[in-house]
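Colleague: Please work out how this folds:
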Amino acid sequence: MADTGAVRSEDTPFEGGPLDGRVLPVLLGITGHPPKTYRIPVPDADGGPPTVLIYRRVPRVEGRPVGLTRRWKYAYDPEGRAESRLKWPWSKPDATPGGKPDDAHG
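Modeller: I've put the predicted structure just below:
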C-alpha cells in the first residue's frame, strides 16, 4: 500500500453559539480546505436524542473573493438550514410560486 502521509489539520476559529471564541483543529480535505459544514452532536442530559450544532464555513477576511482565500472560520447556524445542493437546469424548483397556474401576473 502507498503511504498517505500525515493527516493535515488547521486550527480554525468558531464564532457564535456554544463554541464562540474557541479554536479547534479541523481536518482538511484533499483540496486543502476544511469541510463546508461542521456538525457537533451534543448528548442530551435526560438520555434523549442528541442535539446537533451546525457551523458553516465562511471566509475569515471579508471582501476577498471566496475562491481565493485559504483562511476559513466557522459561523454558528442556529436554524440548521438544509445544506445547499447543486442547482442543475433540469432540477425541480424548491418552491412553487403563488398565484393561479394560468395567471401570467402571479
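Colleague: OK, contacts around residue 53?
Modeller: 17, 18, 19, 39, 40, 41, 42, 76 (Cβ atoms under 8 Å, 6 or more residues apart in numbering). Placement of C-beta: from N, CA and C, glycine included.
Colleague: so where do the strands sit in this protein?
Modeller: Under the criterion DSSP state E, strands of the chain are mapped to 9-15, 23-27, 37-42, 51-59, 72-76.
Colleague: will you turn these into a markdown table that also has mean pLDDT and distance to residue 91?
Modeller: As requested, the strands of the chain are exported to a markdown table (pLDDT from 0 to 100; distance: least, Cβ to Cβ, whole Å):
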| stretch | mean pLDDT | distance to residue 91 |
| --- | --- | --- |
| strand 9-15 | 92 | 32 |
| strand 23-27 | 92 | 31 |
| strand 37-42 | 90 | 20 |
| strand 51-59 | 91 | 22 |
| strand 72-76 | 93 | 27 |
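Colleague: Out of these, the one nearest residue 90 is which?
Modeller: Closest approach to residue 90 among the strands of the chain (Cβ to Cβ): strand 37-42, 25.4 Å.
Colleague: one step back: winner for burial among the strands of the chain?
Modeller: With neighbours defined as mean count of other Cβ atoms under 10 Å, these peak in mean count at strand 72-76, which reaches a mean of 19.
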